[in-house]
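Colleague: take this sequence and fold it.
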Amino acid sequence: MQTQDVTIKNRAGIHARPAALIVQTANEFECEIYLEKDNNSINAKSIMGIITLGAGYNTVVNVKTDGEDEEDALQAIVKLFENRFEED
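Modeller: Down below sits the predicted model:
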């Protein structure tokens, strides 16, 4: 299992477009990928789950990956956050 905290740096937070990017990226990997915020854990391959997480600007989210390609998956998801979902 791999885990890393990320901070949401795009002003709009995680809305439909970033959620879709996360799901699209997560579905490229076989491993399980979860996003956790305030003791809520959601599957990163579920767009509705991500949107209902309610993660706004400067929110810290923990990314967890578990499975065969967990390290590559973690790097890919973290990169989305670091690049502000290509919005700013």
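Colleague: let me know the secondary structure of Glu68.
Modeller: coil (DSSP: H, G, I helix; E, B strand; the rest coil).
Colleague: count the residues that sit near the nearest residue to it once chain neighbours are set aside.
Modeller: Of all residues not flanking Glu68 in the chain, Glu30 sits nearest, at 5.4 Å (Cβ to Cβ, 6 or more residues apart in numbering). Placement of C-beta: from N, CA and C, glycine included. Here the number of neighbours of Glu30 (other Cβ atoms under 10 Å) works out to 10.
Colleague: next, count neighbours for Asn39.
Modeller: Asn39, neighbours per other Cβ under 10 Å, totals 5.
Colleague: so how far is Lys9 from it?
Modeller: 23 Å (Cβ to Cβ, to the nearest Å).
Colleague: Glu82 now?
Modeller: In terms of Cβ to Cβ, Glu82 sits 8 Å off from Lys9.
Colleague: just the strands in the chain please.
Modeller: 2-7, 32-37, 40-43, 60-66 (DSSP state E).
Colleague: how far off centre is the shortest one?
Modeller: Spelled out, it's strand 40-43. 10 Å (Cα atoms, centre = their mean, to the nearest Å).
Colleague: name the strands paired with that strand and say parallel or antiparallel.
Modeller: strand 32-37 (antiparallel) (DSSP bridges).
Colleague: what's the answer for the first one, then?
Modeller: Here strand 2-7 is paired, per DSSP bridges, with strand 60-66 (antiparallel).
Colleague: quick revisit: the residue nearest to Glu68 against Gly67, yeah?
Modeller: Yes. Glu30 is within contact range of Gly67, at 5.8 Å (criterion: Cβ atoms under 8 Å).
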